[in-house]
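Asks: Fold the following, please.
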Amino acid sequence: MSRGSWIDLFLFLHVMGAIAGVGPSLTYGMWVARTQRLAPEATAWVLRMVHVIDRRLATPALAAQAVTGTALIVLERWRLAHARWLDVGIGLYVVVMVAALALVGPLARRRLALAERGGRQGPPEVAAEFEAASRRLRPLLGVVSILTVTILYLMIVKPSL
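Replies: Numbers count the residues shown, from 1 in each chain. Next comes the predicted model:
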């Protein structure tokens with residue numbers, strides 16, 4: 001295969017990884033918001049499905065971005081010092097992945113466990129802890145979403161910084 005064919009292949013995989021990783025992630029908030037007035041079982045089910053989709057599709061796809069992105073950097077012979085948009089994008093990617101794995105993931109799993117015990121409609125101590133976990137999670141998810149969209153912008157537009 002020619003270098004150009006390899007570039008095309010890895011670019012395709014990189015874009016597909018972004019779609020598979022970012023697409024579902026952008027819908028999680030809507031799914032969870034729709035559960036506000038539903039039975040606790042519905043909230044737990046939705047959070048469980050978000051967890052499954054995140055664990056089996058979104059997170060692996062976003063993690064694969066490191067592999068396909070590195071391959072593209074090598075194949076395209078980009079020099080990082082001369083592509084500030086890429087430097088910033090890689091830095092934000094590292095921040096997003098660390099935040100997702102170290103902060104968002106554990107807190108989301110905790111909220112799911114509390115939802116399975118009744119969530120906001122459960123016993124008072126469960127309801128209070130569920131609400132507290134949800135309150136802590138919201139801004140984290142907002143920041144991760146904004147940073148992720150910023151990465152997409154940088155990778156697509158490649159602005160001169």
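Asks: residue closest to the middle of this protein?
Replies: The residue lying closest to the centre of the chain (Cα atoms, centre = their mean) is Ser25, at 5.4 Å.
Asks: biggest helix in this protein, by residue count?
Replies: helix 124-157 (DSSP state H).
Asks: Would you indicate which residues of that helix are buried?
Replies: 126-127, 129-130, 133-134, 137, 141, 144-145, 147-148, 151, 154-155 (16 or more other Cβ atoms under 10 Å). Glycine gets a C-beta too; all of them are placed from N, C-alpha and C.
Asks: Would you mind listing the buried residues in stretch 97-104?
Replies: 97, 99-100, 103-104.
Asks: Of those, which is the nearest to Ser160?
Replies: Met97 (25.7 Å; Cβ to Cβ).
Asks: pLDDT score assigned to the closest one?
Replies: Reported pLDDT at Met97 in the predicted model: 94.
Asks: which SSE is it in?
Replies: helix 84-99 (DSSP states H and E).
Asks: can you give me how far that helix is from the chain middle?
Replies: Put simply, helix 84-99 sits 13 Å off its chain's centre (Cα atoms, centre = their mean, to the nearest Å).
Asks: Check what contacts stretch 100-120 and list those residues.
Replies: 40, 43-44, 47-48, 50-51, 54, 59, 62, 122-123, 126-127, 129-131, 133-134, 136-137, 140-141, 144 (Cβ atoms under 8 Å, 6 or more residues apart in numbering).
Asks: That stretch: which residues count as buried?
Replies: 100, 103-104, 107-108, 110-120.
Asks: Tell me how far it lies from the chain's centre.
Replies: On Cα atoms, centre = their mean, the centre of stretch 100-120 falls 15 Å from the chain's centre.
Asks: Kindly report the same for stretch 152-161.
Replies: That offset, for stretch 152-161, works out to 19 Å (Cα atoms, centre = their mean).
Asks: For it, give the mean pLDDT please.
Replies: Stretch 152-161 shows an average pLDDT of 93 in the prediction.
Asks: What is the end-to-end distance of that stretch?
Replies: 15 Å (Cα to Cα, to the nearest Å).
Asks: ok, back up a step: for the helix holding Met97, name the packing helices and strands.
Replies: Other elements packing on helix 84-99 under the criterion 3 or more Cβ pairs under 8 Å, 6 or more residues apart in numbering; DSSP states H and E are helix 59-76, helix 124-157.
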